[in-house]
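No sequence on hand, only this structure:
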């Protein structure tokens, strides 16, 4: 496209996240919730005629790390910087044979085991280490040290290189998973039972998770807080049909911990706070704004209560929408490229007026999405994203 860009990527993103109209809507690809599955990426590379060695960004979600060639082809305005695992942590994926089948297991820092069968699509949790724990057991459980300085030893160098040598906005990898990691440790069914039968356990575990993340962001923002533009945190609070659990439990138990973390991060950086929750989260948007969240992702427009027009009208001046560019459940995987273009154009026209909008797919681009549709998605985002484009 022979479009004339008037801003650097970083300036464009800063305008958008400060509710100002830039030359065009910024485009994001390559994060842990805004990425692309390795199988879809393989097909995309073949379609684009690119030969690359694919690097895996996230083994659990099987996300590829998009190359600079792909990011530039799609006019992507963001780049990512992540802290490292602490020195001494072995995050190796271990092959194990179980019941006559080869599995690939990863044990994370918290002791949660993630597993995927050979040839599988994703890793799922196969071991919840606190499934049978009591409140008293939490005091002895070996939680990782969020303040471990080896996490942050190299991250400033990488962030400074992005700031000094590229024009892009800098985002952090996802973190701050105060609520969701609790059920990873406990098991989802048991955690939901705890909410009713054993709320003291929930509160004690949430407090341990909050302490970890408070320490983590003290170190992380100490290293890069003056360099990054967006700090990404999140917990899934909703599903396709609305909240995943009683919103009163959120307000009474979860929200105070999340708010404490958001306010802590805000005290350490001028970067905007980006919050991820899937699903029909409309009822939670005022709560997130009150917590101090600046940006909502992914804006799952196909979920209950997530009408794009209403979201923009009700909240467009109070929170930035990062996503919602297409119906990712029905249109992107199954429609024609022409239909993809039309859906992007329609949603762009809703979200882009006045700024406060960054374009990406609703969550990660999944395996099976055709390369032609991926190209149509990003080409349409670029073409229809210009504020002077008729």
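That came through fine. This structure is a prediction, so every number in the text was calculated from the model and none was measured.

Show me what the helix or strand in which residue 196 is found is packed against.
According to DSSP states H and E, residue 196 maps onto helix 188-197. Applying 3 or more C-beta pairs under 8 Å, 6 or more residues apart in numbering; DSSP states H and E, one finds that helix 188-197 contacts helix 180-186, helix 199-224. No exception for glycine: its C-beta is placed from N, CA and C like everyone else's.

Include distance to residue 173 when you put those into TSV, please.
Listed next are those as TSV, based on distance: least, C-beta to C-beta, whole Å:
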stretch	distance to residue 173
helix 180-186	15
helix 199-224	10
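
among these, which is nearest residue 262?
Closest to residue 262 of the helices and strands packed on helix 188-197, according to C-beta to C-beta: helix 199-224, at 9.9 Å.

Return the backbone torsion pair for the closest residue to residue 304 other than its chain neighbours.
In space, and not counting its chain neighbours, residue 304 is closest to residue 280: 3.8 Å by C-beta to C-beta, 6 or more residues apart in numbering. Backbone torsions of residue 280, given as degrees, to the nearest 10, read phi -80, psi 80.

Neighbours of residue 280, how many?
Applying other C-beta atoms under 10 Å, we find 21 residues neighbouring residue 280.

show me what contacts it?
Residue 280 is in contact with 238-243, 300, 303-306, counting by C-beta atoms under 8 Å, 6 or more residues apart in numbering.

hmm, back to that, the helix holding residue 196 to helix 199-224, inter-axis angle?
120 degrees (axes from the mean of the first three to the mean of the last three C-alpha atoms, to 10 degrees).

what residues does helix 188-197 touch?
128, 131, 182-183, 186, 201-202, 245-246, 249.

Could you list the low-pLDDT ranges of the stretch 151-300 of the chain?
Filtered on pLDDT under 70, the stretch 151-300 of the chain yields no residues whatsoever.

now swap in the stretch 1-150 of the chain and tell me
Low-confidence segments of the stretch 1-150 of the chain (pLDDT under 70): 1-3.

ok, now with 50
Low-confidence segments of the stretch 1-150 of the chain, defined by pLDDT under 50, are absent.

hey, where'd the strands end up in the stretch 251-390 of the chain?
272-276, 295-297, 320-322, 357-358 (DSSP state E, counting those that start in this stretch).

sorry, back to before: which of the contacts of residue 280 are buried?
Applying 16 or more other C-beta atoms under 10 Å to the contacts of residue 280, the neighbour count classes 238-239, 242-243, 300, 303-306 as buried.

could the residues you listed go into TSV alongside distance to residue 213?
Formatted as TSV, the buried ones among the contacts of residue 280 follow (distance: C-beta to C-beta, whole Å):
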residue	distance to residue 213
238	21
239	23
242	26
243	22
300	24
303	26
304	29
305	28
306	27
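
Just give me the neighbour total for the spatially closest residue to residue 251 that is not a sequence neighbour.
Nearest in space to residue 251, with sequence neighbours left out and distances taken as C-beta to C-beta, 6+ apart, is residue 287 at 6.9 Å. Applying other C-beta under 10 Å, we find 18 residues neighbouring residue 287.

thinking again about what came up before, so which of the contacts of helix 188-197 comes closest to residue 106?
Relative to residue 106, the closest of the contacts of helix 188-197 is residue 128; by C-beta to C-beta it sits at 14.4 Å.

Apart from its neighbours in sequence, what residue is nearest the closest one?
Distances taken as C-beta to C-beta, 6+ apart place residue 187 nearest to residue 128, at 4.0 Å, with adjacent residues excluded.

didn't that neighbour look like it was pressed against residue 131?
Yes - proximity of residue 187 to residue 131 meets the contact threshold set by C-beta atoms under 8 Å, at 4.9 Å.

who has more neighbours, those two?
Between residue 187 and residue 131, residue 187 has the larger neighbour count (other C-beta under 10 Å), namely 18 against 12.

All set, thanks.
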